[in-house]
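Trainee: need a structure here:
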Amino acid sequence: MCASHPFPAPGSKADLEEGAALTPRFGADGLITCVTTEAETGELLMVAHMNAQALAKTLETGEAWYWSRSRGELWHKGATSGQIQTVVEMRVDCDQDALWLKVKVAGDGGCCHTGRQSCFYRKVESTEDGPRLALAEATYPTS
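Mentor: The predicted model follows:
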């Protein structure tokens, strides 16, 4: 284990891909990408990042913690909005450099600071004038 975080250093390729130890591969910035979906519906809610402390607190509390790149601080999702994300399942990808959280969201069930359930409420459409954004039909404001 490294002094900067409670996780063992990644081992061999075989250990990463087939082993039982969680040995997350944080990037040079100290972060790992985390995709978060709603546990029952599978709807993509958000993509965020975790540092070792956020990952450790998520595992310890059963609630999602992230690293806010814009604020430069640890972020307990829902602490101010009431939209606490309770982790139902956590997965790691084959080379342990990305995480997937399946969560139940408290409060109004929303996730996005815009008041929508998902941060992915717009789709990219191709037009003669180039790509443009349009509201996706499946995502509605929660308030």
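Trainee: so where is the protein shaky, pLDDT-wise?
Mentor: Across the chain, the ranges flagged by pLDDT under 70 are 1-5, 138-143.
Trainee: can we see that at 50?
Mentor: 1-3, 139-143 (pLDDT under 50).
Trainee: Okay, helices next: where are they in it?
Mentor: 13-18, 52-61 (DSSP state H).
Trainee: okay, those helices in CSV with mean neighbour count and distance to G42 next?
Mentor: Every C-beta, even on glycine, is put in place using the N, C-alpha and C of the backbone. Shown next, in CSV, are the helices of the chain (neighbours: other Cβ atoms under 10 Å; distance: least, Cβ to Cβ, whole Å):
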stretch, mean neighbour count, distance to G42
helix 13-18, 12, 25
helix 52-61, 17, 20
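Trainee: Turn those helices into a markdown table, including distance to F26.
Mentor: Listed next are those as a markdown table, based on distance: least, Cβ to Cβ, whole Å:
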| stretch | distance to F26 |
| --- | --- |
| helix 13-18 | 13 |
| helix 52-61 | 6 |
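Trainee: And those: which comes nearest T41?
Mentor: T41 lies closest to helix 52-61 among the helices of the chain, at 20.9 Å (Cβ to Cβ).
Trainee: D97: what's it in contact with?
Mentor: Taking Cβ atoms under 8 Å, 6 or more residues apart in numbering, we find D97 in contact with 24-27, 32-33.
Trainee: in this protein, which spans are strands?
Mentor: 32-38, 44-50, 65-68, 73-76, 85-92, 98-105, 122-127, 130-135 (DSSP state E).
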